[in-house]
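Asker: Just need the structure, nothing else, for what follows:
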Amino acid sequence: MDRSAALASRIATVTAAGTSAIGAFVLTGWAFDIEPLRRLMLGTIHMLPNSAVGFMLSGASLWLQRRPRAAASRLQIAARVMAAMVLALGALTLGERLFDWDFGIDRVLFPEMLQRHPYRPIGRMATNSALAFTLAGAALLSLDAITGRRRRPAVWLATLGLAIASTAIVGHLYDAQGLYRFDVAAAMAVSTALAFSLLHVGILFARPSAAGAALLLSDDTAGVLSRRLLLAVVLVPLVLGRGFIVARERAVVSRAAGIAIFVVAVIAILLAVVLRVSRVVQVGDRARQRMLEREAAARAEAERATRAKNDFLAVMSHELRTPLNAIIGYGSLLREGIPDPATDGQSRQLERIASSARHLLALIDQVLTLSRVELGEEQVQPAHASAQELVEEAASMVEPQARAKGLAFEVSLPLEPIELTTDADKLRQALVNLLGNAVKFTERGTIQVRLAADGYDAVVFEVEDTGIGIAPQHLDRVFESFWQVDQAPARRAGGVGLGLHVTRRLVRLLGGDVTVRSQLGNGSCFTVRVPRRWWALATPPDRPAVGAEVS
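Answerer: Model prediction:
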């Protein structure tokens, strides 16, 4: 649970406990005939016993639902039963007020004591209190309900209930009876309005992600500004308005002077809040700018390090190729019997030396190609080429390796010639990399290479094998540099994990892309899609062309 969620849960817990405590104190006042407790020592209007019971049930239901629970859990069922009781209390009382019904629920508790008070009908809560209980019960019942438009009804119900309670509090603060008294002989008490405020605030914070509560609790700039503005917007008018009324009652100022002072004070305080908020935004902007500058410096340093690494790889690759070519050349001379014929045993060892040297040369070529691409030195040299010939040339280079492992090697070419204008060397290298990769990770079965035209604008090459396959979670990683499907320290397949990465970089340099579909244990199929005319591209050569297949 993150910090904002934990804080929201604590707020819901505190408001639930506070709501139940208010109801319990008032009910104790009725049970032991303690008059100050019946009004919670606030104002002159008492909270009725039914209201006290309703707050105890509401607080308990909210406390049980302060965190999401399984719908079938016992605590959730108990919470909903109590919420239903609150809804019934509010709805029945509202029906009594609106339609002059009498269900007798108003006089269930302490009927003799209720007769001593002037509220009529005896024991019946005010209309606004009954409506607020109805809204609270419905909100608690639908706390986790979500509509088809991803709306939460509980948020709207609790917001309306909070508005009713806040209106009553303002009415008591300014002695405006029309705001808290809707009935001739009943009104919402101060203690009742406070309890409703706690209850509905708790409902909003019980599921903060569904309401503005999430914004108030967030640690970002929006959350900080919202909290500060909320306090100013709520407290400043209330305090200054009350001060104006007191000043008028005591004849300290005239009506015109009091209004003028009120207006000036509101402007001054809100201006101070705006300036403070602007200062917070300014500090945040400066911190963000410093962070962006540090990020830019770090990016530049990383780019310099990458360029230095690529320069080093390019130089080392060139330096390694020279002695390695000499080794391959002299090994070839020895196998041919120059200067002296080799024995059978020596020939076998020389063949192993040549195979290892060719493998090492292929790795060096991959590193060299990667460094040239990343340095931007790998240039495309487009020329007319036959797609069928490219496939046949690539297949002829890899087919002996497949035959040596006992693998079937199939080439499928269309009868109609397919012409390309592209860099044939780079495309051939990409196909050889894919075919070699297929042979490397296939122990038995078939290697297939297919060619097809994709409309008039693109050509598709497919290399499919019956090898080990790729797990779904690794499909996005197979094209990363220095990463292989088999990550075990003693993996069977050789290589450093550059083949697929270099292949994708080359194909994207040609304006195409490489995608893969695979199933673990059932082989893989790599698809190369390139445009027929390289110079007709509208996209940068190092990025996928528009319409490239995504897997």
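
Asker: When you work out contacts or count neighbours from here on, use the C-alpha atoms and nothing else.
Answerer: Will do.

Asker: on contacts alone, who are the packing partners of the helix or strand hosting residue 284?
Answerer: Residue 284 belongs to helix 255-335 when assigned by DSSP states H and E. Where contact means 3 or more Cα pairs under 8 Å, 6 or more residues apart in numbering; DSSP states H and E, helix 255-335 is packed against helix 221-249, helix 344-375.

Asker: mean pLDDT for these: which is lowest?
Answerer: If the helices and strands packed on helix 255-335 are sorted by mean pLDDT, helix 344-375 sits at the bottom with a mean of 71.

Asker: tell me what the following helix or strand past that one is packed against?
Answerer: Following helix 344-375 in sequence order, the next helix or strand is strand 383-386 (DSSP H and E). The contact analysis (3+ Cα pairs under 8 Å, 6+ apart) places strand 383-386 against strand 419-422.

Asker: So, low pLDDT: which residues of the stretch 401-550 of the chain?
Answerer: 482-497, 535-550 (pLDDT under 70).

Asker: Helices along that one, start to end?
Answerer: Taking DSSP state H, counting those that start in this stretch, the helices of the stretch 401-550 of the chain run over residues 424-440, 499-509.

Asker: do the same with the stretch 101-250 of the chain
Answerer: Per DSSP H, counting those that start in this stretch, the stretch 101-250 of the chain carries helices over the ranges 111-114, 127-141, 153-173, 190-206, 213-217, 221-249.

Asker: about what we covered before: any chance of the helices of the stretch 401-550 of the chain in CSV, plus mean neighbour count?
Answerer: Shown next, in CSV, are the helices of the stretch 401-550 of the chain (neighbours: other Cα atoms under 10 Å):
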stretch, mean neighbour count
helix 424-440, 22
helix 499-509, 24
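
Asker: Adding distance to residue 414, write these out as CSV.
Answerer: Listed next are the helices of the stretch 401-550 of the chain as CSV, based on distance: least, Cα to Cα, whole Å:
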stretch, distance to residue 414
helix 424-440, 17
helix 499-509, 22
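
Asker: Please identify which of those helices is closest to residue 87.
Answerer: If you check each of those against residue 87 by Cα to Cα, helix 499-509 wins as the nearest, at 63.7 Å.

Asker: packing partners for the closest one?
Answerer: When contacts are defined as 3+ Cα pairs under 8 Å, 6+ apart, helix 499-509 sits against helix 344-375, helix 424-440, strand 513-518.

Asker: got any ranges where the stretch 151-300 of the chain has weak pLDDT?
Answerer: Within the stretch 151-300 of the chain, the ranges that satisfy pLDDT under 70 run 209-215, 219-224.

Asker: how is this structure carved up into domains?
Answerer: Segmentation of the chain into domains, based on automatic domain parsing, reads 3-218, 324-375, 383-536.

Asker: ends of the longest one, how far apart?
Answerer: Its first and final residues considered, domain 3-218 spans 9 Å by Cα to Cα, to the nearest Å.

Asker: Please compute how far that domain lies from its chain's middle.
Answerer: Centre-to-centre, domain 3-218 and its host chain are 35 Å apart (Cα atoms, centre = their mean, to the nearest Å).

Asker: same deal with stretch 472-479?
Answerer: Distance, stretch centre to chain centre, for stretch 472-479: 21 Å (Cα atoms, centre = their mean).

Asker: Stretch 237-248 too?
Answerer: Counting by Cα atoms, centre = their mean, stretch 237-248 is centred 46 Å from the centre of its parent chain.

Asker: buried ones in it?
Answerer: For stretch 237-248, the buried set under the neighbour-count rule, 16 or more other Cα atoms under 10 Å, comprises 237, 240, 241, 242, 244, 245, 248.

Asker: Rebuild the helices of the stretch 101-250 of the chain as CSV, extending it with distance to residue 445.
Answerer: Putting the helices of the stretch 101-250 of the chain into CSV (distance: least, Cα to Cα, whole Å) gives the following:
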stretch, distance to residue 445
helix 111-114, 91
helix 127-141, 62
helix 153-173, 60
helix 190-206, 59
helix 213-217, 57
helix 221-249, 60
